[in-house]
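*Asks:* Quick one, what's the 3D model for this:
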Amino acid sequence: MLNKMTAIGAALLWLLVAPLSSTVSASSVSTDVVAPGSANSTANLNLTPGTIEINAQVPYNFKTQSVFSTSTFPLQDQIAAADSFAPDAIPDRVVTVTDRTGDASVGWTMQAKLDQFQYNPDQSADENSSGWQSNFDGITSLNINSAVMYQGGLVSDGNLAMSKADSTTDGAPNAFTGPIALQPGAGTPTTVWTAAAAHGLNAWSLLFDTDSSMTLTFPMANQLPGTYRANLVWTITKGPI
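*Replies:* The predicted structure follows:
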């Protein structure tokens with residue numbers, strides 16, 4: 001049976017509805033004189049297996065709209081999908097899988113789960129505000145529609161430069177295929193992105209660049225003026241699921 005490793009990351013979603021009007025060591029272990037004026041030395045290197053992790057930029061903010069004006073809520077803005085980003089300039093709305101296990105026999109599986117939304121009638125509410133009401137079930141889905149793949153990204157021990165990639169890039173994961181609908185409060189995570197055997201090693205990212213790359217479906221009959229939030233939980237597991 002495949003031994004699986006799982007890492008977890010979380011993001012926070014926000015939506016505001018207004019009323020009308022993310023040992024290396026080198027040592028010389030021996031010095032043997034083999035001829036006058038020359039010597040032999042040995043350089044040693046030991047690489048140990050690492051871990052698999054997932055990191056995400058937070059939060060994902062959705063565009064403020066007037067109540068009863070629409071049932072589809074896009075992200076607040078667009079992010080230009082540049083060919084590359086420096087380590088200190090990684091944009092928002094990036095999720096990165098970093099596989100440093102050294103195990104190329106299997107790939108990995110990234111999944112996502114959306115917690116139930118909370119509702120606050122205060123349109124300027126933040127996470128520390130009072131008045132949050134749990135288990136609001138009026139928002140029916142978060143839809144992950146599209147994403148741009150990059151090599152590099154958010155890494156816990158130091159971000160890596162991001163370069164635009166696709167599924168034909170050497171060692172790349174599979175292409176992201178949407179749309180994927182996440183149901184609030186669903187107990188079972190949904191697979192979002194995968195890597196096949198011998199692929200997805202080191203760091204690979206998805207950037208949700210356009211405002212339509214993620215949308216919320218919020219039927220008008222369920223809408224109330226106020227602020228809404230939910231946790232979006234990303235998980236990464238070594239191997240297929």
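*Asks:* Nearest to the spatial middle of this protein, which residue is it?
*Replies:* Nearest to the geometric centre of the chain sits residue 95, at 2.1 Å (Cα atoms, centre = their mean).
*Asks:* strands paired with whichever helix or strand that residue is part of, and their directions?
*Replies:* Secondary-structure element containing residue 95, defined by DSSP states H and E: strand 94-99. Using DSSP bridges, the strands paired with strand 94-99 in its sheet are strand 52-56 (antiparallel), strand 202-207 (antiparallel).
*Asks:* Show me which of those has the highest average neighbour count.
*Replies:* Mean neighbour counts were taken over those using mean count of other Cβ atoms under 10 Å, and the top value, a mean of 24, falls to strand 202-207. To be clear about C-beta, it is placed using only N, CA and C from the backbone, and glycine gets the same treatment.
*Asks:* Just checking: what are the partner strands of the particular helix or strand that has residue 39 in it?
*Replies:* With elements taken from DSSP H and E, the one containing residue 39 is strand 38-40. Paired with strand 38-40 in the same sheet, following DSSP bridges, are strand 32-35 (antiparallel).
*Asks:* Show me the shaky parts of this protein.
*Replies:* For the chain, applying pLDDT under 70 flags the ranges 1-7, 10-11, 17-35.
*Asks:* returning to that earlier point: nearest residue to the residue nearest to the centre of the chain in space, please, no chain neighbours.
*Replies:* Of all residues not flanking residue 95 in the chain, residue 56 sits nearest, at 4.3 Å (Cβ to Cβ, 6 or more residues apart in numbering).
*Asks:* ok, now residue 156?
*Replies:* The shortest distance from residue 156 to any residue other than its chain neighbours is 6.0 Å, reached at residue 53 (Cβ to Cβ, 6+ apart).
*Asks:* Would you confirm that that neighbour contacts residue 95?
*Replies:* No: applying Cβ atoms under 8 Å, one finds residue 53 not in contact with residue 95, separated by 11.4 Å.
*Asks:* Common neighbours of these two, please.
*Replies:* When Cβ atoms under 8 Å, 6 or more residues apart in numbering defines a contact, the residues bordering residue 53 and residue 95 alike are residue 9.
*Asks:* Which positions within stretch 206-219 qualify as buried?
*Replies:* Buried positions in stretch 206-219, judged by neighbour count with 16 or more other Cβ atoms under 10 Å: 206, 207, 208, 209, 210, 211, 213, 214, 215, 216, 218.
*Asks:* which outside residues touch it?
*Replies:* Here stretch 206-219 makes contact (Cβ under 8 Å, 6+ apart) with 15, 17, 60, 62-63, 71-81, 91, 93-95, 138-150, 162, 176, 181, 193.
*Asks:* mind redoing it with 6 Å?
*Replies:* Residues from elsewhere that reach stretch 206-219, judged by Cβ atoms under 6 Å, 6 or more residues apart in numbering: 62, 71-75, 78-79, 81, 93-95, 139-148, 176.
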